[in-house]
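Q: using only what follows, build the 3D model:
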Amino acid sequence: IEIIFIIICSLILTNKIIKINFLIKLLIVLNILIAFESLFIYQKYNFENLKFIFFFRFILFAIIISYIFSLKKKIFKNLIILLVIIFVTLFLDSILQFSSGKNIFGLVTENHYRVSSFFGDEYILGSYVGRMMPILISSVYFFINKKRTDKIILFILILSLLLCLISGDRSSLIFPIVSLLIFSLIDFHKKKITLFIFSIFCLGIIFTSNTINQRYINQSLDGSFYNNKLIYISPSHHNYAVVSLNMFKEKKFFGHGFKSFRKLCEKERFHGKTIETVPKCSTHSHNYYLQFLSENGLFNFAILLIIFIYVTIKLIKLIYDNFSKNLKRSKSLIFAYAGVFISL
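A: Numbering: from 1, shown residues only. Got it, this is the predicted structure:
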């Protein structure tokens, strides 16, 4: 309530007309649908479910942050410095924990193949770095007007890839890899030798480190098969996916409601075609799209799909325009949209 009050007051006092783009409009429509469904379709009036009505606070928060940055562009330069300090600190601390088992504060990683650094028992290091990296690269392109820009960005990419590698978070690796591919598409003729050396360097780390090799290659291959049959990621991931699809089949259009997976996954009627000896229940589906289909149905999923298509088209257009115009702002927008694209 306090956040919403501050945001609305800020917008009123500044008397600023906020431009609402197509993406924001889609998110507002999705928010209205979610609020309507929570009240009239799911008919769940307890506090846990009614709070979904206030999802629009995230949209307002994004708008006001955008507005503040447009007023004071120096904030972005401070953001760049801050993020670089965070990335370097995380890297040094993660290397220490990766090699000795403890970080600078003595936090021990319980999983031999995962590094969490300052995040403790939450293994979100890779996810944090992967999602912050496109914001940092976008800011560097927009605000640093120097010949060394590409070297700074390559340094950020190397740091991010190494952090994601030692974090053990396999899904977060997609962020630096796709970002690296996009980076190579921009002025490829200048970067191909550097990128070739960089690729060899990364492959060398993967195949020479037993811990990384075990996590990314051996565990991935072993988990993809059960009783000599190909399954989805791992036995537990496979079960979560099957339960999600079974839930979706029961209520295709509007789903079972937010956070319903964690409650309904225990029901026997959703256990058809699952692996019997493996857990079938968790707090979520471990897949955004399957969770969205099971909890929110096709109606809301269509809007999510439109958002994804819109961001994809925008990203492709920006990359294409960069080839012909080579604009600095275009490069900044490419990575801004790339961060959203990879997340989706």
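
Q: count of residues packed around Y337?
A: 24 (other CB atoms under 10 Å). Backbone N, C-alpha and C define where each C-beta goes, glycine included.

Q: helices along the stretch 1-150 of the chain, start to end?
A: 2-14, 22-40, 47-50, 56-71, 74-100, 125-143, 149-167 (DSSP state H, counting those that start in this stretch).

Q: could you tell me the least trusted of the ones you listed?
A: Set side by side, the helices of the stretch 1-150 of the chain give their lowest mean pLDDT on helix 47-50, at a mean of 64.

Q: and Y226, backbone torsions?
A: Here is the backbone geometry of Y226 (degrees, to the nearest 10): phi -140, psi 120.

Q: cool, F225 as well?
A: phi -130, psi 140.

Q: show me the contacts for it.
A: Contact partners of F225, counting by CB atoms under 8 Å, 6 or more residues apart in numbering, are I231.

Q: distance check, it against S282.
A: 21 Å (CB to CB, to the nearest Å).

Q: neighbouring contacts of stretch 131-138?
A: 79-80, 83-84, 86-87, 153, 156-157, 160, 175-176, 179, 183, 332-336, 338-339, 342-343.

Q: now list the buried members of these.
A: The neighbour-count test (16 or more other CB atoms under 10 Å) marks 80, 83-84, 87, 153, 156-157, 160, 175-176, 179, 183, 332-336, 338-339, 342 as buried among the contacts of stretch 131-138.

Q: about what we covered before: dump the helices of the stretch 1-150 of the chain into a markdown table; add distance to K273 as well.
A: Output for the helices of the stretch 1-150 of the chain, formatted as a markdown table (distance: least, CB to CB, whole Å):
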| stretch | distance to K273 |
| --- | --- |
| helix 2-14 | 44 |
| helix 22-40 | 28 |
| helix 47-50 | 29 |
| helix 56-71 | 36 |
| helix 74-100 | 39 |
| helix 125-143 | 30 |
| helix 149-167 | 33 |
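
Q: tell me which of these sits nearest to L264.
A: helix 47-50 (13.9 Å; CB to CB).

Q: ok so, going back, out of the helices of the stretch 1-150 of the chain, which gets nearest to Q291?
A: helix 22-40 (13.9 Å).

Q: could you list the buried residues of that closest one?
A: Here helix 22-40 shows 23, 27, 30-31, 33-35, 37-38 as buried, counting by 16+ other CB under 10 Å.

Q: now swap in stretch 267-287 and tell me
A: Those would be 270-271, 274-275, 280-281, 285-287, for stretch 267-287 by 16+ other CB under 10 Å.

Q: among those, which are located in strands?
A: Among these, no member falls in strands (DSSP state E).

Q: okay, those residues in CSV with pLDDT and distance to F69 next?
A: As requested, the buried residues of stretch 267-287 are exported to CSV (pLDDT from 0 to 100; distance: CB to CB, whole Å):
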residue, pLDDT, distance to F69
F270, 93, 45
H271, 93, 49
T274, 90, 47
I275, 89, 48
K280, 91, 45
C281, 92, 42
S285, 91, 34
H286, 89, 34
N287, 90, 33
